[in-house]
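[1] My questions are about this predicted structure, shown below with the sequence.
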Amino acid sequence: MRLFALTVKRKRWEPWAFASPSLALIALVIIFPLAYSFWLSLNNFDLSVGAEYEFVGAKNYQEVLFRDPRFMGSVWNTAVIIAPSLVLELILGLGLALLLSRVARGRPIITALLAIPAMVSPVMAAMAWRMMFGVKYGAINNLGLQLGLIDVYFDWFASTALALMSVVLVEVWHNTPFMMLVLLAGIQSIPQELYDAAKADGARPWQSFWSITLPLLKFTMVVGVMIRLIDLTKLFGLIFVLTYGGPGSSTETVAFTTYLAGFKDFRMSYAAALSYVIVGGVLVLTLLFMWIQRLREARTA
Amino acid sequence: MAIAVERRPQVVARRRNRRRAQRGVAHLLTYLGLLVALVFFLGPFFWIVTTSLKGNEDFFTFPPVWIPPEPSLS
């Protein structure tokens, strides 16, 4: 009886003892930075002033939310970049996945070749495109001139609209392959019997696409769009290399504004507050997206 | 069920040919679409690779060349 009690007692602390190394690691690399940056966001730590700082409460958050037109502009810019990128990536990715699913021979090699952009790191992709967008030595201007599509050497980052379009183009080039792979996996998991049955019932190809492929692919599409949405709110590398937020501040994304606040203006506390506001915004956006999806499913069911 | 309507062999053959041709066209369009996508997605990558093989001289040639005349690894 005593022995039994002892084993029970030992069992209680044992799992914690075994888990303690990884728990310590998690505390060190995840919880500590989060807590420390949250603490910073409640102070007025500014490296350009000095190393001393004092507690100011929610002042930074007030400034972020109500008195920072630059941040509000960057929220708008991010939305303007995200919306067309998501739409184009979804449409192009779906089209390519459908084409690939129809290919009988050489599908693996074509898929692998098409997936190359997704393997390139954002900075490298942006660097390559920056060289191609180059005014005089760039491939795009020279190709366009030789084909007679444009008649002057164009600066592709000269105006707000053009710069945004260029960023969206590079973003679409970079991440459509990811969408394509996700959707291709979704398409291949649809049982072939459904198509055979539809064909036996005399359905035309677009009918079976509309009433078999699309409905069964919906969940995959939602997941793909969600991953891209969350990723796009963190868009930084492309902007840093391609436009550095320019012209003016017209292509500054929220992540880039945070970077500027922290490492150009050295307002560490303010940057911390900005990042917490952004995380909150992304969380709300994701929950909203899931909620809408849930509503639509409930309505169709 | 009386599907005893005798079809003349030429008609049958013509129909089969037409269907085969349709399928061929669809195949062709599929590969054509993929080819366009490949050009779009691999063009920039091709540019990365060839530019990495250019020396200063080839890099600043005007108008720029796609494939460096003297590729080098240095």
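    In hand now; what should we look at?
[2] Pull up the residues of chain B that are close to chain A.
    Residues of chain B lying close to chain A by Cβ under 8 Å from any Cβ of the partner chain are B:26, B:30-31, B:33-34, B:37-38, B:40-42, B:44-45, B:47-48, B:51, B:59-60, B:62-64, B:66. C-beta here means a position set from N, CA and C on the backbone, and glycine is covered the same way.
[3] quick one: low-confidence parts of the stretch 151-300 of chain A?
    Counting by pLDDT under 70, not a single residue of the stretch 151-300 of chain A qualifies.
[4] Can you show me the helices along it?
    A:160-188, A:192-200, A:205-208, A:214-232, A:237-242, A:254-263, A:268-300 (DSSP state H, counting those that start in this stretch).
[5] number of nearby residues for residue A:127?
    Residues lying near residue A:127 (other Cβ atoms under 10 Å in any protein chain shown) number 17.
[6] between the helix or strand that contains it and helix A:160-188, how big is the angle?
    Assigned by DSSP states H and E, residue A:127 belongs to helix A:122-133. In terms of direction (axes from the mean of the first three to the mean of the last three Cα atoms, to 10 degrees), helix A:122-133 departs from helix A:160-188 by 130 degrees.
[7] residues from the stretch 51-200 of chain A in reach of chain B?
    A:95-96, A:99-100, A:102-103, A:110, A:113-114, A:116-117, A:120, A:124-125, A:128-129, A:131-132, A:136-139, A:142, A:146, A:173, A:176-177.
[8] Which members of the residues of chain B next to chain A occur in helices, if any?
    Among those, the members found in helices (DSSP state H) are B:26, B:30-31, B:33-34, B:37-38, B:40-42, B:44-45, B:47-48, B:51, B:59.
[9] picking up where we left off before, tell me the helices and strands packed up against the helix holding residue A:127.
    Helices and strands touching helix A:122-133, by 3 or more Cβ pairs under 8 Å, 6 or more residues apart in numbering or on different chains; DSSP states H and E, are helix A:139-147, helix A:160-188, helix A:237-242, helix B:9-52.
[10] which helices and strands sit right next to the first one?
    Translated: helix A:139-147. Secondary-structure packing of helix A:139-147 (3+ Cβ pairs under 8 Å, 6+ apart): helix A:122-133.
[11] The helix it packs on: which residues count as buried?
    Going by neighbour count (16 or more other Cβ atoms under 10 Å in any protein chain shown), the buried part of helix A:122-133 is A:122, A:125, A:126, A:127, A:128, A:129, A:130, A:131, A:132, A:133.
[12] Residues in contact with it: which ones?
    Here helix A:122-133 makes contact (Cβ atoms under 8 Å, 6 or more residues apart in numbering or on different chains) with A:117, A:120, A:137-141, A:156-157, A:166, A:169-170, A:173-174, A:236-238, A:240-242, B:44-45, B:47-48, B:51.
[13] Generate a PyMOL selection restricted to the buried subset of those.
    A single PyMOL command is used to select the members of the contacts of helix A:122-133 judged buried by 16+ other Cβ under 10 Å:
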select buried, (chain A and resi 117+120+137+138+139+140+141+156+157+166+169+170+173+174+237+238+240+241+242) or (chain B and resi 44+45+47+48+51)
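[14] on contacts alone, who are the packing partners of the lowest-mean-pLDDT helix or strand in chain B?
    Among the helical and strand segments of chain B, the one scoring lowest on mean pLDDT, DSSP states H and E is helix B:56-59, with a mean of 77. On a contact count with 3+ Cβ pairs under 8 Å, 6+ apart, helix B:56-59 meets no helix or strand.
[15] contacting residues for the most centrally placed residue in chain A?
    Nearest residue to the geometric centre of chain A (Cα atoms, centre = their mean): residue A:231, 1.5 Å. Residues near residue A:231 by Cβ under 8 Å, 6+ apart: residue A:175.
[16] Against residue A:298, how distant is it?
    Residue A:231 sits 28 Å away from residue A:298, taking Cβ to Cβ, to the nearest Å as the criterion.
[17] ditto for residue B:25
    Distance of residue B:25 to residue A:298, given as Cβ to Cβ: 43 Å.
[18] cool, residue A:201 as well?
    Applying Cβ to Cβ, the value for residue A:201 to residue A:298 is 29 Å.
[19] ok, now residue A:32?
    Here residue A:32 is placed at a distance of 41 Å from residue A:298 (Cβ to Cβ).
[20] between those two, which one's more packed in?
    The neighbour count for residue A:32 versus residue A:298, taken as other Cβ under 10 Å, is higher for residue A:32 (11 against 8).
[21] What does residue A:43 show for phi and psi?
    Dihedral pair for residue A:43: phi -110, psi -170, per degrees, to the nearest 10.
[22] Please identify the helix or strand for the residue nearest to it when sequence neighbours are not counted.
    Distance criterion Cβ to Cβ, 6 or more residues apart in numbering or on different chains; nearest residue to residue A:43, sequence neighbours excluded, is residue A:53 at 4.6 Å. Residue A:53 is part of no helix or strand, with elements assigned from DSSP H and E.
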